[in-house]
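**Student:** Next comes the sequence, and after it the predicted model I'd like to discuss.
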Amino acid sequence: MVYGGGWLKTDYDLVSQFTSELTASGTDWARTIAAAHVVWGMLGLALLWVAAPMVPVAGVARSGYWLLASEPAVWIGSALLPCDPGCPFDGSLTQMLHNLWAAITFVATTVGLLLLARNPAVSRTTRFAWVLLAVFWLTTFVVMLVPDAAAVRGLIQRLGEGTLYGTLCVAAWRLPASSADGRHVARRAVAR
């Protein structure tokens, strides 16, 4: 999504600009890229919905799984609440709502990862890895907002997103193949 949109917008810099700047108000290709963001977000939500019965999570970890829906929702939000050019901290009402939505989804993703760390269906090592990912995720959010990091804030965002999405792909790849019903696996883990 970022690379395709960046290709369309010849003035877009993958290293210094946020992903949401692809849909910045009044910029070239913003509406086309915003439509693609909505589709991408809807596909992500559909994936979470379809995969839910197969994911071995129990207890509060199930809530953590559903909080991960904030990630596809942030793509939709960036389309519906476009930032101002340059994605400043303050600006128009839409920019302020954009920033609020981004903060809410970052916190929701972090809480979701921390709740996944409470999953009794995975090892302690895996639970610790979820905590580390949550800390890394939140750290990238804070660091990319530091004014001195403005020259590389896009790179920091991509590092955070790439690590998060890559980890989620690895976790999905490792789902138990022997059970199509992940809740059954989670129930067995709780019963131990």
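**Tutor:** That came through fine.
**Student:** Where does the residue nearest to the spatial centre of the chain sit, in terms of helix or strand?
**Tutor:** Nearest to the geometric centre of the chain sits E71, at 3.3 Å (C-alpha atoms, centre = their mean). For E71, the element it lies in under DSSP states H and E is helix 70-80.
**Student:** For that helix, name the packing helices and strands.
**Tutor:** Applying 3 or more C-beta pairs under 8 Å, 6 or more residues apart in numbering; DSSP states H and E, one finds that helix 70-80 makes contact with helix 30-51, helix 93-116. C-beta here means a position set from N, CA and C on the backbone, and glycine is covered the same way.
**Student:** Next secondary structure after the longest one?
**Tutor:** Next in sequence after helix 93-116, counting helices and strands by DSSP H and E, comes helix 124-145.
**Student:** Show the contacting residues for the closest residue to A52 other than its chain neighbours.
**Tutor:** Among residues not flanking A52 along the chain, Y65 sits closest, at 7.0 Å (C-beta to C-beta, 6 or more residues apart in numbering). By C-beta atoms under 8 Å, 6 or more residues apart in numbering, the contact set of Y65 is L48, A52, V55, V57, G112, L115, L116.
**Student:** Work out for me the element Y65 sits within.
**Tutor:** helix 60-67.
**Student:** tell me which residues in that helix are buried?
**Tutor:** By 16 or more other C-beta atoms under 10 Å, the buried positions in helix 60-67 come out as A61, R62, G64, Y65, L67.
**Student:** Report the separation between the last one and W173.
**Tutor:** When C-beta to C-beta, to the nearest Å is the yardstick, L67 and W173 sit 21 Å from each other.
**Student:** and the helices and strands packed on helix 70-80 as CSV, adding distance to A149 and mean pLDDT?
**Tutor:** Supplementary listing: these in CSV, determined by distance: least, C-beta to C-beta, whole Å; pLDDT from 0 to 100:
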stretch, distance to A149, mean pLDDT
helix 30-51, 24, 95
helix 93-116, 16, 97
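**Student:** for the ones you listed, which one sits closest to W75?
**Tutor:** helix 30-51 (3.7 Å; C-beta to C-beta).
**Student:** Pull the residues that contact the closest one.
**Tutor:** 1, 4-5, 8-9, 22-24, 65-66, 68-69, 71-76, 78-80, 82, 172.
**Student:** change it to 7 Å
**Tutor:** Residues from elsewhere that reach helix 30-51 (C-beta atoms under 7 Å, 6 or more residues apart in numbering): 1, 5, 8, 22-24, 68-69, 71-73, 75-76, 78-79, 82, 172.
**Student:** Equivalent analysis for stretch 90-105, please.
**Tutor:** The contact list for stretch 90-105 (C-beta under 7 Å, 6+ apart) reads 20, 25, 70-71, 73-74, 77, 81-84, 88-89.
**Student:** can you list the weak-confidence ranges in this protein?
**Tutor:** 1, 3, 176-192 (pLDDT under 70).
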